[in-house]
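Peer 1: Sequence and predicted model, in that order:
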Amino acid sequence: MTTAVCPGSFDPFTLGHRYVVERAAACFDEVVITVVVNPNKRGMFGVDERIALIEEDCADLPGVRVDRWEGLLVDYLKQESIHTIVKGLRSAVDFDYEVPMAQMNRALADVETVFLLTDPRFAHVSSSLVKEVAKLGGDVTPFLSPHIHKNLTAKLTGERSV
């Protein structure tokens, strides 16, 4: 069985993220969306909220599951006996940022990174930008699933989410 990890903070999980996961699921038997915890960052959504949102958003994708990890990603891959990371690329800027990490991961743990190009409709979308636009009252519905959009709106208005 071939397994790959799609890591990220996913705060929130966008349709661009989902597109990459769908593409990865077509290439691997199992895809683990790994919410990587950065203790130095406080997200809009807590880690458990992000996991619940992603699990609901990807429930229809066979072979896809969600997990969490705090620490070096390669340590997670070693623990789970996974040898492949999948990363989505929106532009050359992403490529320039991701290549040194991919090379470091290979040097540390003999892990390969597979890059998938995102759908051009989402090439300008990032979680940070979605949150910023939403906070300022802009329409982010084209970039989020209805469930995640509802929860983002609830977060911004102080209502209960997830």
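Peer 2: Now that the structure is in, tell me what you want to look at.
Peer 1: Return the distance of Lys131 relative to Leu73.
Peer 2: Using Cβ to Cβ, to the nearest Å, Lys131 is found at 23 Å from Leu73. Bear in mind the C-beta positions are built from the backbone N, C-alpha and C, glycine included.
Peer 1: do Ala26 as well
Peer 2: 23 Å.
Peer 1: What residues of the helix of greatest length in the chain count as buried?
Peer 2: The longest helix of the chain (DSSP state H) is helix 92-109. The neighbour-count check on helix 92-109 (16 or more other Cβ atoms under 10 Å) flags 94, 98, 102, 105, 109 as buried.
Peer 1: Please enumerate residues in contact with that helix?
Peer 2: Residues outside helix 92-109 that contact it (Cβ atoms under 8 Å, 6 or more residues apart in numbering) are 72-74, 77-78, 85, 87-89, 111-113, 115.
Peer 1: Okay, and which of the residues you listed map to helices?
Peer 2: If you go by DSSP H, these have 73-74, 77-78 in helices.
Peer 1: and the residue lying closest to Arg65 once chain neighbours are set aside, backbone torsions?
Peer 2: Nearest residue to Arg65, sequence neighbours excluded (Cβ to Cβ, 6 or more residues apart in numbering): Val32, at 5.7 Å. Phi and psi for Val32, reported as degrees, to the nearest 10, are phi -110, psi 110.
Peer 1: Okay, and the beta partners of Val32?
Peer 2: Beta-bridge pairing for Val32 (DSSP bridges): Val5, Arg65.
Peer 1: if we can go back for a sec, name the residue in Ala26 and Leu73 with the higher neighbour count.
Peer 2: Taking other Cβ atoms under 10 Å, Ala26 and Leu73 do not tie; Leu73 has more neighbours (18 against 11).
Peer 1: what's the spacing between that one and Ile54?
Peer 2: Applying Cβ to Cβ to Leu73 and Ile54 gives a distance of 17 Å.
Peer 1: Over to Arg42?
Peer 2: 19 Å.
Peer 1: Of these two, which one has the most company?
Peer 2: Ile54 (24 against 8).
Peer 1: In this structure the more buried one contacts Ser9, no?
Peer 2: No - counting by Cβ atoms under 8 Å, Ile54 does not reach Ser9; the two are 11.2 Å apart.
Peer 1: any common contacting residues for the two?
Peer 2: In contact with both Ile54 and Ser9: Val35, using Cβ under 8 Å, 6+ apart.
Peer 1: This completes my enquiry, with thanks.
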